[in-house]
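# Below is the structure, and that's it, no one-letter string:
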């Protein structure tokens, strides 16, 4: 009698565990990421600009991601990311803007910075660097 | 007593014994003279035979000098005449006995060696399977060890070539090795699979090269050999995240300037052999590239290079050994 009860309880536990396993959604891997949003000085989207992008930092040793996001004219935002962090540079900005270096740990613990850049023609833009990505951002 | 007896005896001979002594003396002289006359008629006297001591007994009497052998006569095989010193026969050249050396016994046919394939020249092919273990540094960056990127790999290779001589092999080879990710903690934390993750990680390496081998006993069943090779090499590590639909692959490319190998071929038949092998590869990666989700995100040269290597051992199957 005791054995039969123990067997029943064990079977029930296994069934519940199996149901829980089947019902759980697979989770995304814990990538460090940097969200990039390029906007005009008034916050409006910039035509032909990259808009919102999301860079997942590489995971493997030696991996590297180099990408360039156009802003306007010759102004662009260049990303060089490896698994230790991201270096953001602003090409053809006038006046020039120093590179921004963001480590993986900064991104993992939460990070936000807005950088003002001017195109050579004088137009002003805002580049937001964040550890969160927009929902509709293009993932790199 | 003695004197009387002696005198008595003398007296006996004295009475009629003188004539007997005289007759004996005359007979002795006559025989001696006759003998001398006969010798004088026969020719100069030969030297007296010397006593030849032998190991087995007393001196052997002199052997009569044999006359010339009749034509067609040969001593029996193994016969070796023994002469006392000074009595060796002196033959005229045409009469010298011709002793044939003892005939060798007929040789029996040697039994064939048990399936010894003959040494071979020409086309040869080999397949290898084994395990490879990385060592050294992938690049000169701090902590960038090979084993952090790549684990032990299953090695498979094919080699095609030829033997211009039984001892020398020249050929080309292609190898593809596969394994799991390295022991880098950060990457491993992503690769740890679980019920809530759908991720797979792995590593692979390849090489295309040329090699030369020297076979020490090419006609033996057990044939040891040494080899040296050069190759172009690449290696990569991948992680595939099915949830994010993201694939990342980090590759290194370089040149192996030393592939030192040794092995033992057991030449089982004329067309097949197999045996163990051991090799060490040394090289240097010079270029790196990254591919993310099928798109190359980076490609460039490595500024700080380092020496890396692989050990490998396994079984080599050789065709037409």
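Alright, I've got the coordinates. Bear in mind that the values here come from a model prediction, so they are computed numbers and not experimental data.
# Tell me the confidence at the nearest residue to residue A:77 once chain neighbours are set aside?
Counting by C-beta to C-beta, 6 or more residues apart in numbering or on different chains, residue A:77 lies nearest to residue A:69, which is 4.6 Å off, once chain neighbours are set aside. Glycine gets a C-beta too; all of them are placed from N, C-alpha and C. pLDDT for residue A:69: 86.
# Give me the buried positions along stretch B:82-93.
For stretch B:82-93, the buried set under the neighbour-count rule, 16 or more other C-beta atoms under 10 Å in any protein chain shown, comprises B:84, B:87.
# What pairs with the helix or strand where the residue nearest to residue A:77 lies, parallel or antiparallel?
Per DSSP states H and E: residue A:69 is located in strand A:65-72. Using DSSP bridges, the strands paired with strand A:65-72 are strand A:75-82 (antiparallel).
# So which residues on chain A come close to chain B?
A:21, A:24-31, A:56, A:58-67, A:83, A:139-140 (C-beta under 8 Å from any C-beta of the partner chain).
# Write the PyMOL selection for whichever of those are buried.
With 16+ other C-beta under 10 Å as the criterion, this PyMOL line picks the buried residues out of the residues of chain A next to chain B:
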select buried, chain A and resi 29+31+56+58+59+60+61+62+63+64+65+66+67+83+140
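# Out of the residues of chain A next to chain B, list just those in strands.
A:56, A:65-67, A:139 (DSSP state E).
# which one among these gets closest to chain B?
residue A:65 (4.3 Å; C-beta to the nearest C-beta).
# show me what contacts the closest one?
For residue A:65, the contacting residues are A:55, A:57-58, A:79-82, A:140, B:290, B:292, B:297-298, by C-beta atoms under 8 Å, 6 or more residues apart in numbering or on different chains.
# Any idea which of those the model trusts least?
Across the contacts of residue A:65, the smallest pLDDT goes to residue A:140, namely 77.
# Quick check: the nearest residue to that one once chain neighbours are set aside vs chain B, distance?
The spatial neighbour of residue A:140 that comes closest, neighbours along the chain excluded (C-beta to C-beta, 6+ apart), is residue A:55 at 4.8 Å. Going from residue A:55 to chain B by C-beta to the nearest C-beta, to the nearest Å gives 10 Å.
# Now do the helices in chain B.
Secondary structure of chain B (DSSP state H): helices at B:2-14, B:18-42, B:146-149, B:185-191.
# I'd say residue A:102 and residue A:109 touch.
No: between residue A:102 and residue A:109 there is no contact under C-beta atoms under 8 Å: 11.0 Å.
# who's more crowded, those two?
More neighbours surround residue A:102 than the other of residue A:102 and residue A:109, with 20 against 10 (other C-beta atoms under 10 Å in any protein chain shown).
# so where's chain B uncertain?
Counting by pLDDT under 70, the ranges of chain B that qualify are B:1-81, B:89, B:91, B:93-94, B:96-115, B:193-195.
# same question, chain A
A:1-26, A:47-50.
# swap the cut-off to 80 and go again
Low-confidence segments of chain A (pLDDT under 80): A:1-28, A:43-51, A:135-137, A:140.
# what are the ranges of the helices in it?
A:2-23, A:104-109.
# How far away from the center of its chain is the shortest one?
For helix A:104-109, the distance between its averaged C-alpha position and the chain's averaged C-alpha position is 11 Å (C-alpha atoms, centre = their mean, to the nearest Å).
# How about stretch A:94-110?
13 Å.
# Any buried residues in it, and which?
Buried residues in stretch A:94-110 (16+ other C-beta under 10 Å): A:97, A:102, A:104, A:106-107.
# Could you pull up the residues touching the residue nearest to residue A:140?
A:33-36, A:65, A:67, A:79, A:81, A:86, A:139-140.
# Out of these, which comes closest to chain B?
Distances from these to chain B were compared by C-beta to the nearest C-beta; the smallest belongs to residue A:65, at 4.3 Å.
# who's that closest one bridged to?
Note on residue A:65: beta-bridge partners by DSSP bridges are residue A:81.
# do the same with residue B:235
residue B:205, residue B:252.
# That one - how many residues pack around it?
That count, for residue B:235 with other C-beta under 10 Å as the rule, works out to 25.
# Repeat that for the one 3 residues further on.
Burial of residue B:238 is recorded as 18 neighbouring residues (other C-beta under 10 Å).
# ok, the residue nearest to it when sequence neighbours are not counted - contacts?
With sequence-adjacent residues excluded and distances taken as C-beta to C-beta, 6+ apart, residue B:238 is closest to residue B:249, at 4.5 Å. Neighbouring residues of residue B:249 by C-beta under 8 Å, 6+ apart: A:60, B:236-238, B:290-292.
# how does it look with 10 Å?
A:60, A:63, B:202-204, B:236-240, B:289-294, B:296-297 (C-beta atoms under 10 Å, 6 or more residues apart in numbering or on different chains).
# just residue B:279 next, same as before
B:128, B:130, B:132, B:155, B:157, B:211, B:227-229, B:259-263, B:310-314, B:316.
# Give the buried subset of these as a ChimeraX selection command.
Applied in ChimeraX, the following selects the buried portion of these according to 16+ other C-beta under 10 Å:
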select /B:128,130,132,155,157,211,227,229,259,261,263,310,312,313,314,316
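# Give me the subset of the contacts of residue B:279 that lies in strands.
If you go by DSSP E, those have B:128, B:130, B:132, B:155, B:157, B:211, B:227-229, B:259-263, B:310-314, B:316 in strands.
# Count residues in the vicinity of the residue lying closest to residue A:92 once chain neighbours are set aside, would you?
In this structure, residue A:92 finds its nearest non-sequential neighbour in residue A:74, 4.2 Å apart by C-beta to C-beta, 6+ apart. Neighbourhood size, residue A:74 [other C-beta under 10 Å]: 13.
# and the gap between residue A:74 and residue A:68?
Remark: distance between residue A:74 and residue A:68 (C-beta to C-beta, to the nearest Å) = 11 Å.
# quick one, what contacts residue B:153?
Neighbour list for residue B:153: B:130-134, B:176-180, B:202-205, B:235, B:310, B:312 [criterion: C-beta under 10 Å, 6+ apart].
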